[in-house]
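1. Build me a structure from this.
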Amino acid sequence: MDQIFENTATAFALKSDSELERAYFLFKMISNEPLVKMGSVITNFAFKAHLPVEGLIRATVFDHFCGGINERDCLPVVDRMWEKGVCSVLDYSVEGKEEEDPFDTATEIILTILDFVKEKEAIPYAVFKPTGFGRFALYQKVSEKKELTKEEQAEWQRIINRFDKVCKKAHDLEVSLLIDGEESWIQDAADDLAEDMMCKYNKKKRIVFNTLQTYRWDRLPYLKSLHQRAEKDGFKVGMKVVRGAYMEKENDRAKEKGYTSPICKSKAETDENFNATIEYMVENLDTLSIFSGTHNEDSCYRLMQLMADKGIDKNNEHVWFGQLYGMSDHISFNLAANGYNVAKYLPFGPVRDVMPYLIRRADENTSVAGQTSRELTLLKKERKRRKI
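-> Here you go, the predicted model:
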């Protein structure tokens, strides 16, 4: 397999010299773990104290990792990336709300984005997070099979209705909809809802996609079980396959509560689990569709090789690669230049509301061994090529 990810001219073609310098500065900062932790504390304090920091954040970390403050604000970024063959997934990245009004607001935003998906070839998917539609604690209670009060039953029904409303519209428009993953102790409730939506709306096309976080050792057996149900009940399965986003939180909770961690024991086991899941899906593309969300070059090469070995076209509609906006441009833009289906997750939302997402991104970059150093190496290479 040709090693395509070293081409920095293609990777950073859309970045001006000043944008390249900003990226280099940001990843230098993110590489310093104490600085990231201190910056997170200071930022949270600044917002709580109503200090005027939004302009500074917007001009630096926000604009690097986010598309804008609303969906229309994202369109210039969407159009620029589309010029290079890279699609966008508009991701309303407001997290951790507890009141009902934000859940209804999030639902209406996803419904609007579905119209964008229908209208713009550059936006092939919509996406939502289950906790964008309802309270974390309620998902947990349902996952634990605890009895709900009458008020909670009504609240849970509203969550079901929100799921159904957006999935039905996606089905009616014939566009695809990704459902993001959550922490393991609330994921069962989200999985059940996603399965119900697949059974209802994926009879002919792969409309509804759930997420498999393969740092969990039980996810491939879960997929195989779901696949059997799909074959029996006559529906298709769409899956976004990722490694996962909550490893430290998962391990800490398992230790605190005295149960076996759902997380693989090592990164090597996680890598093996991810690759085995992708391989299983490639073997079953008649029923399954893959959105491979990874910043791991080896996993991308693995999927590319599997496609080549099976004679699967690079632009097969049932195989997509995905990365986050602001990261791994060397993967995204080089894959697109070589004819593969690629989409960038493009977060958006009010600066203040998106800060939890941005802090999580910084923490993940700091904790994932090699991620930030790889970004810096490639940025240095491109700076040298341009002789900045």
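2. Quick one: the strands in the chain, in order.
-> 87-92, 125-128, 176-179, 208-213, 237-242, 288-293, 319-324, 342-348 (DSSP state E).
3. Could you give me the buried positions within stretch 208-222?
-> For stretch 208-222, a neighbour-count test (16 or more other CB atoms under 10 Å) marks 208-217, 219-220, 222 as buried. Glycine gets a C-beta too; all of them are placed from N, C-alpha and C.
4. ends of that stretch, how far apart?
-> 17 Å (CA to CA, to the nearest Å).
5. how far away is the nearest residue to residue 23 once chain neighbours are set aside from residue 329?
-> Once flanking residues are discounted, residue 23 sits nearest to residue 379: 5.8 Å by CB to CB, 6 or more residues apart in numbering. Applying CB to CB, to the nearest Å, the value for residue 379 to residue 329 is 9 Å.
6. can you tell me which helix in this protein is longest?
-> Taking DSSP state H as the criterion, the chain has its longest helix at helix 150-173.
7. Give me the angle between it and strand 208-213.
-> Counting by axes from the mean of the first three to the mean of the last three CA atoms, to 10 degrees, helix 150-173 points 120 degrees away from the direction of strand 208-213.
8. Identify all contacting residues around helix 150-173.
-> Contact partners of helix 150-173, identified using CB atoms under 8 Å, 6 or more residues apart in numbering, comprise 100, 103-104, 107, 110-111, 114-115, 117-118, 126, 128, 133-135, 138, 141-142, 148, 176-177, 193, 196-197, 200-201, 207-208.
9. Buried residues in it, which are they?
-> Residues of helix 150-173 classed as buried: 152, 155-156, 158-159, 162-163, 166-167, 169-171, 173 (neighbour count, 16+ other CB under 10 Å).
10. pLDDT of that helix, averaged?
-> Across helix 150-173, pLDDT averages out at 98.
11. Repeat that for stretch 121-129.
-> Average pLDDT, stretch 121-129: 96.
12. then that stretch to CSV, C-alphas only?
-> C-alpha atoms of stretch 121-129 as CSV (Å, rounded to 0.1, in the frame of the first residue of the first chain):
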residue,chain,number,x,y,z
GLU,A,121,-23.3,17.3,-1.6
ALA,A,122,-20.5,18.5,0.5
ILE,A,123,-22.4,17.5,3.7
PRO,A,124,-23.2,13.7,3.4
TYR,A,125,-24.3,13.1,7.1
ALA,A,126,-26.0,14.8,10.0
VAL,A,127,-25.1,13.8,13.5
PHE,A,128,-26.4,14.1,17.0
LYS,A,129,-25.3,13.1,20.5
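13. out of the strands of the chain, which comes closest to residue 52?
-> Judged by CB to CB, the one of those that comes nearest to residue 52 is strand 342-348, at 21.6 Å.
14. Span of stretch 133-150 from start to end?
-> One end of stretch 133-150 to the other measures 19 Å (CA to CA).
15. any idea how far the closest residue in space to residue 328 that isn't next to it in sequence is from residue 278?
-> Closest residue in space to residue 328, ignoring its immediate chain neighbours: residue 295 at 4.4 Å, by CB to CB, 6+ apart. The gap separating residue 295 from residue 278 is 14 Å, by CB to CB.
16. next one: residue 2
-> Relative to residue 278, residue 2 is positioned 19 Å away (CB to CB).
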